[in-house]
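J.: Here you go, sequence then predicted model.
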Amino acid sequence: MEPDDIKDHESLEAWLEGRSREDAISIAQRSALRATPILFADMAERWVRERDLTALRILRRVLISGVEAVYPTPEVRTASAAFVFVVVAYADASVDASAGVVAAIAAAADASAATVAAAAADRYANAGSYIWEQVREDARAMTRSTDPLTLPLWSIPQPDWFKRADAQGRTIWAAEPATWSFWTRWWDGVLSGKQINWDLQRAIALIPDEDWQKGPAHIAAIIARVEEQFDLRAQIAELKTNLRVVEAQMVSQTATEALRSHNHPPELVDANVAIRREVAVVIAALDESETELAKTVPDPSILRRVGLAILSAAKAIANYCIGLADTALKKAAEELGTTGTKWAIRTTTAYYAAQSEPIHIVGKAIFDFATKWFSS
C-alpha cells in the first residue's frame, strides 16, 4: 500500500500495519497539532469548558506524543498513557480526520480511551481535507526514511483557517507571556520543523502529574527551572571541554618551563603546578554538579557546595596569576628585554588569567541556581 492510498482512518491503519509504533505516533501527533489551533482559538467557548479541554491539557498531550516518538522508553510511555488523548475536530471532514488520528494512536500505541470533541463550524469545513493531505505527505516522508518531526508542520502554505486560528491562539498566549512563553517557542519550533531540544522536551514531559494539575502558571515556573537547568548543564559541559584542553596545555607548558628554568624564576613553575591543582578541583566539582543536574530534582545543598568550591578555585587561580605577573615584571626589570621573560608574561600570566573568569561565572551560576529555585 502506498501513501497516496491513505484516504481515511481505515486506510491509514492499513498503511501503518507493519510499521513501527513510533511512526504511528508521529503521524498522530502531527495531525493533532494541525487541529489544535482551532481549540486554542475557542478556549472561551462553552462546549470547550464543559469538556474540560484546557490548553495546557492539550499541549501536554501533544508534547508527550512527540517525545514518545523520539524516546519510546517505558517512563515516557507511562506518562503518555496517563490521561485521555484529546483532538479537536470541526465539521464532518475534520471529525473523520481526527477519528483517524485517534484510531491510529489507540491501535498502534496502546493509548487509553480517546475523546473527540466535535463542533460544526463552516469556517473549518475544509480542515479535514487539508489534514488528510498532510497525513499522506508525512507518510511519503517516512517512505523516504525522513523523520516528519524534522519537517515543517505544513508542506504547503498554511491554510487560511489554520492561520486565523493560530493568530487567535497567539493573542491569548500573548496576554500572559510569563505563563505561555515556553509554549510559544515550542509551537514555533513545531511549525518550522526546528524543534526545541528533545532532551528538554523529554524532561518537561516527565514533570509529575500532580504538578500539571496545578495549572499553567505553576507549570510555567517549573519549565523555567528545567530550562535554566539545561542551560546550566550546557555551560558546564562547555567549560569542562575547555578546561581539559587547558590542562593538557598546562602539562606541556610546565614541562617546558622546567627545562627552560634558566630563563624563568622557580616561582613561575611552582605557580603553574598550583594552578593545575586548582583546575583539577574545578573539573572534579563540575563533574559532580553535572551528575546532580542530570536529576529531575537536584540536591541544592550539593550544588551550593560545589558552586562555592568552584568560586574558591577561581579566586585562587586569579591570585596565582597576579603573583605570576608580579614575578614576571620583577624579572623584566632585572633583565629588560629578555626573550624568556617576555614569553613568560605573554603566555603564562595572560593565558592563566583568562581561565579564572569563565570558571567564576559558572561557579556563581551553579550556586545561584540552587539558591534561586530551592531556597525554601
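T.: Sure, I can see it. Numbering: from 1, shown residues only.

J.: what is the mean pLDDT for stretch 38-48?
T.: For stretch 38-48, mean pLDDT rounds to 63.

J.: ok, now stretch 291-309?
T.: 94.

J.: Just the buried residues of it, please?
T.: By neighbour count on 16 or more other Cβ atoms under 10 Å, the buried set for stretch 291-309 is 292-293, 298, 300, 302-307, 309. Glycine gets a C-beta too; all of them are placed from N, C-alpha and C.

J.: ditto for stretch 276-291
T.: 276, 278-279, 281-283, 285-286, 288-290.

J.: Flag the shaky bits of the stretch 201-350 of the chain, pLDDT-wise.
T.: Low-confidence segments of the stretch 201-350 of the chain (pLDDT under 70): 249-272, 323-350.

J.: no no, the stretch 1-150 of the chain
T.: In the predicted model of the stretch 1-150 of the chain, residues 41-53, 79-126 satisfy pLDDT under 70.

J.: ranges for the helices of it?
T.: Using DSSP state H, counting those that start in this stretch, the helices of the stretch 1-150 of the chain run over residues 9-16, 21-41, 46-50, 55-70, 74-80, 91-109, 127-143.

J.: for the stretch 151-300 of the chain, same thing?
T.: Per DSSP H, counting those that start in this stretch, the stretch 151-300 of the chain carries helices over the ranges 160-174, 177-192, 198-205, 209-212, 216-259, 266-293, 300-334.

J.: Tell me which of the ones you listed approaches Val76 most closely.
T.: With Cβ to Cβ as the criterion, Val76 lies closest to helix 198-205 of the helices of the stretch 151-300 of the chain, at 6.2 Å.

J.: before we move on, the earlier item: I'd like the helices of the stretch 151-300 of the chain as a markdown table, with distance to Glu133 appended.
T.: Shown next, in a markdown table, are these (distance: least, Cβ to Cβ, whole Å):
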| stretch | distance to Glu133 |
| --- | --- |
| helix 160-174 | 13 |
| helix 177-192 | 17 |
| helix 198-205 | 27 |
| helix 209-212 | 33 |
| helix 216-259 | 33 |
| helix 266-293 | 44 |
| helix 300-334 | 50 |
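
J.: ok, and the closest non-adjacent residue to Ala224?
T.: Phe182 (7.4 Å; Cβ to Cβ, 6 or more residues apart in numbering).

J.: Quick one: residues contacting that neighbour.
T.: By Cβ atoms under 8 Å, 6 or more residues apart in numbering, the residues touching Phe182 are 204, 220, 223-224, 227.

J.: most neighbours, which of those?
T.: Counting by other Cβ atoms under 10 Å, Ile204 has the largest number of neighbours within these, with 22 neighbours.

J.: my guess is that one meets Leu56, correct?
T.: No. The pair Ile204 / Leu56 is not scored as a contact, 11.8 Å apart, by Cβ atoms under 8 Å.

J.: returning to what we had before: which one of the buried residues of stretch 291-309 is nearest to Glu137?
T.: Checking those against Glu137 by Cβ to Cβ gives Leu293 as the nearest, at 39.3 Å.

J.: wait, what's in contact with the closest one?
T.: By Cβ under 8 Å, 6+ apart, Leu293 lies in contact with 229, 232-233, 236, 303.

J.: from these, which would you call buried?
T.: Among the contacts of Leu293, those buried by neighbour count (16+ other Cβ under 10 Å) are 229, 232, 236, 303.

J.: just to revisit the earlier point, make a markdown table out of the helices of the stretch 1-150 of the chain and add distance to Trp173 and mean neighbour count.
T.: Shown next, in a markdown table, are the helices of the stretch 1-150 of the chain (distance: least, Cβ to Cβ, whole Å; neighbours: other Cβ atoms under 10 Å):
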| stretch | distance to Trp173 | mean neighbour count |
| --- | --- | --- |
| helix 9-16 | 31 | 19 |
| helix 21-41 | 8 | 24 |
| helix 46-50 | 16 | 12 |
| helix 55-70 | 8 | 21 |
| helix 74-80 | 24 | 16 |
| helix 91-109 | 23 | 22 |
| helix 127-143 | 21 | 20 |
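
J.: Next, format those as a markdown table and append distance to Ala175.
T.: As requested, these are arranged in a markdown table below (distance: least, Cβ to Cβ, whole Å):
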| stretch | distance to Ala175 |
| --- | --- |
| helix 9-16 | 36 |
| helix 21-41 | 12 |
| helix 46-50 | 17 |
| helix 55-70 | 12 |
| helix 74-80 | 29 |
| helix 91-109 | 27 |
| helix 127-143 | 26 |
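
J.: Tell me which of the ones you listed sits nearest to Trp186.
T.: Minimum separation from Trp186 across the helices of the stretch 1-150 of the chain (Cβ to Cβ) falls at helix 55-70, 7.0 Å.

J.: give me the number of residues near Ile207?
T.: By the criterion of other Cβ under 10 Å, Ile207 has 17 neighbours.

J.: That one - nearest residue in space that isn't next to it in sequence?
T.: For Ile207, the spatially nearest residue (Cβ to Cβ, 6+ apart) is Ile222, at 5.8 Å.

J.: count of residues packed around the one you found?
T.: Ile222: 17 neighbours (other Cβ under 10 Å).

J.: my guess is Arg170 meets Thr184, correct?
T.: Yes. Look at Arg170 against Thr184 with Cβ under 8 Å: they come within range, at 7.0 Å.
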